[in-house]
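# Compute the structure for the input listed below.
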Amino acid sequence: MTQAVGLFDCHYRIRADQEWHLRFFRQYRGSYQHIPLLICRYEGVSGFSRRQQAAADAERRALQRRYRGLFSGPELGRIYLKRLIVKVQYRAAALLRR
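The predicted model follows:
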């Protein structure tokens, strides 16, 4: 029987979903599979202010400290590189549509 990971930790007002995913990976040692498909894009449409961006950055740093060592250095590098490639592709496609 599979045990539940739990609910969102609402101490993270902006990144609760990200924290839940990290907790899942830690509990089940899941694997990360990159799928090069943009499902949705929130950046730029959420109405984030600079103050909210600063809070999101602070939460990201707190999650990095809390889950340090969960992924190896090279594994994190691959994850962030793939995310960057998707962002660049999305922005290039947006520019071409203009």
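# going forward, measure contacts and count neighbours with C-alpha atoms only.
Noted.
# Scan the chain for its longest helix.
Counting by DSSP state H, the longest helix found in the chain is helix 73-97.
# tell me how far that helix is from the chain's mean position?
Relative to the centre of its chain, helix 73-97 is centred 13 Å away, using Cα atoms, centre = their mean, to the nearest Å.
# How about stretch 16-36?
Chain-centre distance of stretch 16-36: 9 Å, with Cα atoms, centre = their mean.
# State the mean pLDDT of that stretch.
In this model, stretch 16-36 has an average pLDDT of 81.
# Which positions within it qualify as buried?
Buried residues in stretch 16-36, counting neighbours by 16 or more other Cα atoms under 10 Å, are found at 16, 18-20, 22-23, 25.
# do the same with stretch 72-90
For stretch 72-90, burial by neighbour count (16+ other Cα under 10 Å) applies to residue 86.
# Residue 14 reaches residue 58, doesn't it?
No: between residue 14 and residue 58 there is no contact under Cα atoms under 8 Å: 10.0 Å.
# between these two, who's got more neighbours?
Higher neighbour count among residue 14 and residue 58: residue 14, with 16 against 13, using other Cα atoms under 10 Å.
# circling back: just give me the closest of the buried residues of stretch 16-36 to residue 52.
Using Cα to Cα, residue 16 comes nearest to residue 52 of these, at 14.3 Å.
# Could you tell me which residues make contact with that closest one?
Contacts here follow Cα atoms under 8 Å, 6 or more residues apart in numbering; on that basis residue 16 touches 8-10.
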